[in-house]
Every structure is written in C-alpha cells, then in structure tokens.
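Student: fold the following, please.
(2 chains, ligands or ions: 2)
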Amino acid sequence: MPKYVMVIDVERCIGCMACVIACKKENNVADGYFRTRVVEEVRGEFPYLKMELRSELCNHCENAPCIDACPTRASHRAKDGTVQIDKKKCIGCKACILACPYDARYSTPEGVADKCTFCEHRIKEGKKPACVETCLGKSRIFGDLDDPNSEVSQLLKKHDAAVRLEFAGTKPRVFYINKKFAGGL
Amino acid sequence: MIEIGITGTNTITFPYLEVWDWRIVLYLFLGGLSAGMLVMCSIANLRIPKQPVEELAQCVRAPLIAFIVLAVGALFIIFDLGSPFNLIWGYLTFQPLSLMSWGTWGVPIVLFANALYILAVIPKDQRHRLKFSFLIKISEKLALKMRPIAKLNFALGIFLGIYTGVLLSSFSAIPLWNNATLPILFLISALSSGAAMIVIIAKKAEIKFLFTKIDIWLIVAELVVIALFFYGLYTSTAPYKKAIEPFFSLTSEHFIFTVALIAIFLLLPLALRIKLGELKEFQNEVHEEFTKAQIFRMNFAAVLVIAGTLILRAAIVYAGQLTKLSPY
Ligand code: SF4
Ligand code: SF4
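Tutor: Numbering: from 1, shown residues only, chains lettered A, B, ... in the order given. Ligands and ions are numbered 1, 2, ... in the order given. A predicted model of the protein is given here:
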C-alpha cells in the first residue's frame, strides 16, 4: 500500500485560488461548495503583521474519526490508503461531517457526504491531483511517502513539517512546511 | 493587540458548521422522553411484587405513549437523513465505534421490546380492543411475563436515554459535546422528563405522588450535573473553555442560549419548588382526592420540566456546533 501524502509549502502559495477552481472543475463540485480552500491568516501586532496563505483540505488521516463515526461503512479507507466515501452507501446522516476536526466535509445537494478524494481517479492513472497539477507556485506537492526517493519524502526529510491540530491525534497526511504560524494550524 | 484575520473560501464549512438542525433536536428530545417514560413505567410496574401477575401493571398507558413518542422521534431523524433509501446499508453492518450505528440498530430493538410491553400490560377487560385474535392471544401470554418484559424495557430505556448523549460526546471535534458528563446529563434529563410525563398522564393519585417525589431528586441531580458539565469544560484547555462562552454571553445572536440558561437554571428550580410545595401538602394524605388547583400545579411543573429537557437539548446541539478545536 502506498502512503500518499500532500506537502504544502506555505511560503510558495500566492493565493491565486487556481487549486480551488481546478478541484471544482475536475470533480464537478456542486455550486456553492468547495473541497479545498486557501485560508488567509493574518497575525501580529499592528504594524508588525505576518500573513500566511494556507491550503486546507481533507487530511486523509491515518486515525480518521470520520471513518469511525460512519454507521454504514460508506466512509472507509480505500486500498490505496486514502479516505474515501462510497456514495451508494451514504445515508447522509452527517456524523462524519461533525466528526472531522478540520471542517473538510460537507453535505452535497443530493444529500450525501463529500470531500477531497486526493483525486483518486487521477492517481490511479499515475497522474497527480488536479490542484497539485495546476498549482502555479508549486506550493502543493503530492507523492508516496513510502518511496524514499519521492519529492515528498525528500522535502519532509529536509524540513520541520507540521500537521494541523496535531493534538487531536488524527495523524494527518497533509504536511505544512515553511509555515509561519506553527501553533495555529 | 493581536490581530487575527481569516478569509475562508469555503462558505459552507466556514466559519462554523451547522449540520444538525431542529430535526435532530426533536429526535433527541422525543427519544429521551420515550426512554424516560419506559424506565419510569417499568419502575411503577415492578414496584409491587406480591400481587397476582394479572393485576401487577400499574402504568398501562405509558408504554403506548412512549412507543408513539419514539416512533415520531425516529421519523424526524429519518427526515434529517440526506439519503434515507441507503439506510439498508446500515442494517447490513454493525459498526461498534459508530454511535449512529448503535442508534440504527437500537431504536428498532427498543420499539420492538416496547411493543411487547404494550401488549403485556393491557388490562384483561380491554383486550377485546386489540381486534385481532392472535394479538389477544399474544397479549394473554405476555401478561404472565410482564415483570421480565418490564425489566427489559427498563434496561433498554436506560440505553436509549444514555446513547444519544454518548453519540454527541463521541465527537472529539466538538469541544462542547466531547465531555464525559454529557451522557449522564442527557440520561438524567430524559428520566426527569419521563417522570414528568407520567405525572401528567397518571390517573391514580398514588402514582402521581410517587413520580413527583422521584422527579424532585432527578431535577436536583440534573442541576448538579449541569454545574459539573460547565465546571469540567471551564477547567479544561482553551477550545473547551471557549465552548461554554455562548452560554454566558448576552449578545443577541446567542439569545437562545440565554433563554436556555433562564429555563434551565431558573424555571426548573421553580418547578422543583412547586413540586416541593406539593410534597408537603400531600405527605400525610396521599390517597386523598386532588383538588383542581393542585392537579394544575402538578401538571404545570411537569410541563416546565419537559420544556426544560427540550431547551437543554436544543441549546447543546446548536451551541455545540459553534465550537471547534481549531483556534479560529
Ligand atoms: S481530514 Fe476530516 S474528513 Fe479527512 S480523513 Fe481526516 S477526519 Fe476524515
Ligand atoms: S453522512 Fe454518509 S459517509 Fe458520513 S457518516 Fe453518515 S453515512 Fe457515513
């Protein structure tokens, strides 16, 4: 089983939102909904302010509370290690949406849960997720952490990476490098 | 001054989630009420051990009302499901870590046991109302097993009363809910509303008096657990401490929580006092007839208790969804 992860180089994001749109287009995300977002966070004491542009999406957690919450096994871990939703089995109870500490999920107009799939259909074909492919600043980097030669393995070796809400114990697979606000993730 | 500004692009999940609405509130309320009624009428029916089995049932309408209340509650949760037709998948598996799965299996099981209870307590002279002869036969047989059926319904009532609290407390992403006192609070308030409902429907003075007494202790326990609930959150880490803010903020957008506070902390104790007053009056003459004013006072206090249970659930469901682990 590969261990797909996404590394987000916070310094390289220019906030163009191309990833947000690419994802929406690629996955036919319903009007008004998004599977990924770029959060603009400003901190500090005026005039000494710092800004971080931070992409947020489903972390495909190793210890995923959304899977535990699901009564039908619609939310499950796929063979490739990513966290996926089988829409045919989803009853739309929204338990997984509440269980996710990252606000990564939403309920579609059809009444089922939805979220980022790491572009499951593309990685099957050896392609990268649409947001990664389109990222102008090369802020989003995707790959297999089990392969020591992959770009993500190299980056995580070099940098002191952080995950969001580490104390929640969900073991995310989306890592942030060159972050400005390590604590606030 | 620390300035923090956030611009989120996902309007649906930002800045907070509100995915469960009034339908879930009503389910939690009706499920709790039904659970409380099952426990309380089982207590009433198990209380007197020496009478012949046929005359044991003291509380005969409560199981029927509990059944209707739970069935209506279950309808509300089904209305809330985005794809109820996929529910079949819920019955093709059992997920012990998913409290939703416990509910999916638990509610029909409780309804089934409750149906047996209804048949077991129907008085002899009313059985002809069942219309179908097989039902009358089943009812005759079940009447002999009334005590074990009452015990089963007592246990299932406790399960139904506590599991909704466990469901909410299992969401570690929601600080206000992720608290071990919440299941206890839900259970006690369910039992209290059940006792109040039985006070309202009971015809016998003795039963009304019994449940008035029981409810006083339940309300006292509920007030203690509410205090512990807030205390536990206040002494915890930042997200948990922040989670109780809406309850102590008087700004208008949090008005419902303020109303809840008034109802829980002021109206319920008021109901309690009304009940204490009753207790004194009836102490020595329990079996006397009630005056109209006394019955009104008792029923009014019981209605307050039931309203408090509803408001408590609404406040916790809505306020909980405003709270999150992340700092923004
Ligand atoms: S980020 Fe949320 S939805 Fe994604 S795997 Fe983790 S808990 Fe589940
Ligand atoms: S909404 Fe669907 S995927 Fe989420 S917990 Fe319910 S059944 Fe599972």
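
Student: all the strands of chain A, in order from the start?
Tutor: Secondary structure of chain A, counting by DSSP state E: strands at A:4-9, A:37-45, A:48-56, A:75-77, A:83-85, A:106-107, A:113-114, A:140-144, A:174-177.

Student: the one residue in the stretch 101-250 of chain B that gets nearest to ligand 2: neighbour count?
Tutor: Closest approach between the stretch 101-250 of chain B and ligand 2, counting by C-beta to the nearest ligand atom: B:Ser101, at 9.4 Å. Quick note: C-beta positions are derived from backbone N, CA and C, even for glycine. Counted with other C-beta atoms under 10 Å in any protein chain shown, residues neighbouring B:Ser101 total 23.

Student: likewise the one 4 residues further on?
Tutor: Other residues within reach of B:Trp105 by the criterion other C-beta under 10 Å amount to 15.

Student: per-residue confidence at residue 115?
Tutor: As the question left the chain open, I've gone with chain A. Predicted confidence (pLDDT) for A:Lys115: 96.

Student: switch to chain B, please.
Tutor: Note on B:Ala115: pLDDT of 97.

Student: now swap in the one 10 residues further on and tell me
Tutor: B:Asp125 is assigned 82 on the pLDDT scale.

Student: a helix runs through it, doesn't it?
Tutor: Yes. Assessed with DSSP: H, G, I helix; E, B strand; the rest coil, B:Asp125 lies in a helix.

Student: could you pull up phi and psi at the residue lying farthest from the centre of chain A?
Tutor: Distance from the centre of chain A peaks at A:Pro47, with 32.2 Å (C-alpha atoms, centre = their mean). Per-residue torsions, A:Pro47: phi -90, psi 10 (degrees, to the nearest 10).

Student: does the residue of the stretch 101-250 of chain B closest to ligand 2 touch A:Ala69 like I think?
Tutor: No. B:Ser101 lies out of contact with A:Ala69 (C-beta atoms under 8 Å); the separation is 9.2 Å.

Student: shaky segments in chain A?
Tutor: For chain A, the stretches flagged by pLDDT under 70 are A:182-185.

Student: for the residue nearest the centre of it, what are its contacts?
Tutor: The centre of chain A sits closest to A:Leu57, judged by C-alpha atoms, centre = their mean, with a distance of 3.0 Å. Counting by C-beta atoms under 8 Å, 6 or more residues apart in numbering or on different chains, A:Leu57 makes contact with A:Met6, A:Arg35, A:Thr36, A:Arg37, A:Ala104, A:Cys116, A:Cys131, A:Val174.

Student: quick one: list the elements packing against the helix or strand hosting B:Gly106.
Tutor: Element membership for B:Gly106 (DSSP states H and E) is helix B:99-121. Under the contact definition 3 or more C-beta pairs under 8 Å, 6 or more residues apart in numbering or on different chains; DSSP states H and E, helix B:99-121 sits against helix B:22-46, helix B:62-80, helix B:133-144, helix B:146-169.

Student: got the buried residues for it?
Tutor: Judged by neighbour count (16 or more other C-beta atoms under 10 Å in any protein chain shown), helix B:99-121 contains these buried residues: B:99-104, B:106-107, B:110-111, B:113-114, B:116-121.

Student: and if you look at stretch B:198-209?
Tutor: Within stretch B:198-209, the residues that qualify as buried are B:Ile198, B:Val199, B:Ile200, B:Ile201, B:Ala202, B:Ala205, B:Ile207, B:Lys208, B:Phe209, counting by 16+ other C-beta under 10 Å.

Student: the fourth one reaches B:Leu64, doesn't it?
Tutor: No. Here B:Ile201 does not reach B:Leu64: they are 10.0 Å apart, not a contact under C-beta under 8 Å.

Student: quick one: residues contacting A:Ala99.
Tutor: By C-beta under 8 Å, 6+ apart, the neighbours of A:Ala99 are A:Pro65, A:Cys66, A:Asp68, A:Ala69, B:Ser170, B:Phe171, B:Ser172, B:Ala173.

Student: go again with 7 Å.
Tutor: A:Pro65, A:Cys66, A:Ala69, B:Phe171, B:Ala173 (C-beta atoms under 7 Å, 6 or more residues apart in numbering or on different chains).
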